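Build me a model from this:
(one chain, ligands or ions: 2)
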Amino acid sequence: MEKHHIEVMLSEEKVDARIKELGEQISRDYAGKSVHLICILKGSVYFTCELAKRITVPVTMDFMQCSSYGGETKSSGIVKIVKDLDETIMDRNVIIIEDIIDSGRTLSHLKKLLAQRNPASLKICTLLDKPERRVVDVDVEYVGFQIEDKFVVGYGLDYDQQYRNLPYIGMVEFD
Ligand SMILES: O=P(O)(O)OC[C@H]1O[C@H](OP(=O)(O)OP(=O)(O)O)[C@H](O)[C@@H]1O
Ligand code: HPA
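Ligands and ions are numbered 1, 2, ... in the order given. Prediction:
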């Protein structure tokens, strides 16, 4: 397996501290209610678990997996649902949890799709945001960190399925 040099962009301590803050903010915003977290596989598994531990209102969770069509149709913005939710989201306070928002295509598509299922409310929480890369506008209520346009790995993010398990966010140095 190929090995890369990875430079730390956001340390484990910084990421953990920010997730704690996001959990506190969500707990305040949803005081007296419960939240239904939708984890977008695979990348947001790590973030969803850590965030859920920091939320003090009742939490339930479900999982969804999407894939962008590759090749020439990728820029069409068509997002395929590989695994749909197990449960209904009707009348629930839903937060979509993502590891990163890049072009915005995935979240824009998902938000429209889930809005049609009549949740009580629908918000987005992402650990990382690369605003320079945005192609499609999407409102994101909770952002961990805005980062520059570098390829990042760790905390669920992969390069060719590697490095998801790094406990920090790192930049891959390609030579
Ligand atoms: O804003 P966008 O340009 O749509 O990109 C962001 C999406 O890309 C990544 O998922 P990926 O398809 O790599 O799947 P993974 O989580 O299984 O790695 C990431 O987790 C987001 O879902
Ligand atoms: O920087 C990134 N790293 C890993 N996966 C990604 N998907 C969009 N941007 C990235």
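
where's stretch 131-151 relative to the chain centroid, distance-wise?
Mean-position distance between stretch 131-151 and its chain equals 11 Å (C-alpha atoms, centre = their mean, to the nearest Å).

ends of that stretch, how far apart?
13 Å (C-alpha to C-alpha, to the nearest Å).

same deal with stretch 127-144?
For stretch 127-144, the end-to-end distance is 4 Å (C-alpha to C-alpha).

And ligand 2, is the helix or strand that residue 124 is a member of touching that?
Using DSSP states H and E, the element containing residue 124 is strand 121-129. No - using C-beta under 6 Å from any ligand atom, we find that strand 121-129 stays clear of ligand 2, coming within 7.7 Å at best. Using the backbone N, CA and C atoms, a C-beta is placed for each residue, glycine as well.

Is ligand 1 within reach of that strand?
No - if you take C-beta under 6 Å from any ligand atom as the test, strand 121-129 misses ligand 1, and the best it gets is 8.5 Å.

per-residue confidence averaged over that strand?
Across strand 121-129, pLDDT averages out at 98.

and if you look at stretch 43-59?
On average, stretch 43-59 scores 98.

For it, list every residue counted as buried.
43, 44, 45, 46, 47, 48, 50, 51, 52, 54, 55, 59 (16 or more other C-beta atoms under 10 Å).

Show me how far it is from its chain's centre.
Relative to its parent chain, stretch 43-59 has a centroid offset of 11 Å by C-alpha atoms, centre = their mean.

oh, and call the first residue 30 from now on, that's how I've got it
Fine by me, first position is 30 from now on; the one you just mentioned is stretch 72-88.

Okay, and which of the buried residues of stretch 72-88 map to helices?
74, 75, 76, 77, 79, 80, 81 (DSSP state H).

Which of the residues you listed sits closest to ligand 1?
Nearest to ligand 1 among these, counting by C-beta to the nearest ligand atom, is residue 74 at 8.5 Å.

If anything else comes up later, I'll come back, but that's it for now.
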